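Q: coords please:
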Amino acid sequence: MTNLLDKKILTSYAFDEALEKLILKNRDKKNAFKKSPVIAGYPLQWIIENKNKIYRVIQKSITNPDFEFSQAKRIHLKTNEKNREIYITNYVDRILLMTLQNILSRGIDKSHSDHLYSFRKGLGPGDAARKLASYLKSYPSKNTPLYCLGRDVSSYGDSIQHKEMDRILDQLPELVGSKLLLNLLKKTYRHEFYVDGNSKISASMIQGIPSGSPIVPVLENLYLRELDQKLEVLKDSFYARYGDDFIFISPSLSTVEEAEKIIEATTNKLGLTISPKKKRNIMLGDEQSSEIFHHAKYFEWIGMTFYRDGTYSFRPKHLKEYKRELKVQMGNFCYHLSQSSLNNGQRSECLNIGINELASLNHFSSIQKMIVFRTNIENTKELDEKSRKKLVALLCKNFKLRKKEAWKIIKRIQLHSLEYQRRKLKCNRAA
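A: Numbers count the residues shown, from 1 in each chain. This next block holds a predicted model:
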């Protein structure tokens, strides 16, 4: 009996979707359609013009048991002060990898844990935050301590063991009877790559999955599935995972200790290491700190700060970035406006348009996300007040005004509050 997912990968429309995503991704990049990564002579424009021919070649090639992906190119990138190895594939392989990712992620989504929020359609950080906030609110009394385990896997993608990944794929009910998709998936993390720009010197990965490959998110979701299944059944607790970053909370110390043993045993079995720097044992409530758990008023997870009462807001790091950037942009704007020959009425009009544009959340994607998701109204009111005071100081400095005069201007220009912007953004997203 032919596996249902095997049938899907042999249809042309499966590749069409991947090609459309490639086109959208490169649409605004200069000369992107003329470039040909890894293999010269096959730019995206040529792929588009010859897509039916390419699809037939892919379908014929992958049915050959000896099929192998073409060599990838490994490059080194420095992001957030970390050196990362990224693997770049040619466009034909990328279309196939994106198709595999689309078919597998949809095929197995219903069998994923409800506590997994990474790289799933219809689920994301906002959903995880709301579920966590709801759980925290279900224990309103501060007299009830909540014990929290925050864990993050070190070098997650690079630590994935091929034999374990093979075992996990073999046991997937959706891949039972698969002779095509299962074989292709196992080859996605074993294909050859070349280094230092020399295609004559090649190597193969013996551990880990190739960062930068479209198939990575779905494989990373699968690799910790056993952990999801064991932690989600523990009573009177909250568990959620986003990629390699997961959290477990319970008012029962014995339940949390059991969860800790499960985490240690499962990660050891999978050949993974918990990051000691990001390991958090937190106790929320009025109880005193212990040797294992330290008392805290809040904790951070998935880029947000969560409080004991169930409210959540932006991380201090994002807040500093927002304040710093806003200060610089408003300072530059006020200085150049003060040097202009405009009259007071024209300056007031420019201030109204310019300051609202500079303070728009569209310029601050990380803060925009936090503000749209967060529930702590007082937090944005405080930030609004600080922004207005900073603007008053800038107006006084650049236009030689008194504070009273500057405040009158602030009231006149109708500066949009963060809460107003938050509601507007949520309405736009809902529409």
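Q: Tell me which residues touch residue 239, please.
A: 115, 228, 231, 232, 246, 247, 248, 249, 259 (C-beta atoms under 8 Å, 6 or more residues apart in numbering). Using the backbone N, CA and C atoms, a C-beta is placed for each residue, glycine as well.
Q: and if you look at residue 383?
A: 319, 322, 418.
Q: hang on, the earlier thing: okay if I get the contacts of residue 239 as JSON lines plus distance to residue 101?
A: Below are the contacts of residue 239 laid out as JSON lines (distance: C-beta to C-beta, whole Å):
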{"residue": "115", "distance to residue 101": "22"}
{"residue": "228", "distance to residue 101": "20"}
{"residue": "231", "distance to residue 101": "26"}
{"residue": "232", "distance to residue 101": "25"}
{"residue": "246", "distance to residue 101": "22"}
{"residue": "247", "distance to residue 101": "26"}
{"residue": "248", "distance to residue 101": "29"}
{"residue": "249", "distance to residue 101": "32"}
{"residue": "259", "distance to residue 101": "31"}
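Q: Please flag which of those residues sit within helices.
A: Mapping the contacts of residue 239 onto helices (DSSP state H) picks out 228, 231, 259.
Q: who's in contact with the first one?
A: The contact partners of residue 228, by C-beta under 8 Å, 6+ apart, come to 112, 113, 115, 116, 239, 241.
Q: what's the answer for the second one, then?
A: Going by C-beta under 8 Å, 6+ apart, residue 231 touches 115, 237, 239, 246, 248, 259, 262, 263.
Q: For it, give me the pLDDT.
A: On pLDDT, residue 231 comes in at 97.
Q: repeat for residue 325
A: 79.
Q: Where does it fall, secondary structure wise?
A: Element membership for residue 325, per DSSP states H and E: helix 316-338.
Q: Output the contacting helices and strands for that helix.
A: With contacts taken as 3 or more C-beta pairs under 8 Å, 6 or more residues apart in numbering; DSSP states H and E, helix 316-338 sits against helix 344-358, helix 365-373, helix 377-399.
Q: Determine how far that helix lies from the middle of the whole chain.
A: 26 Å (C-alpha atoms, centre = their mean, to the nearest Å).
Q: Show me which residues of that helix are buried.
A: 318, 319, 322, 326, 329, 330, 331, 333, 334, 337 (16 or more other C-beta atoms under 10 Å).
Q: Then stretch 38-47?
A: Quick answer for stretch 38-47 (16+ other C-beta under 10 Å): 38, 42, 43, 44, 47.
Q: just to confirm, which helix or strand has the second one in it?
A: The reference is to residue 42. With DSSP H and E as criterion, residue 42 is part of no helix or strand.
Q: Thanks a lot, see you next time.
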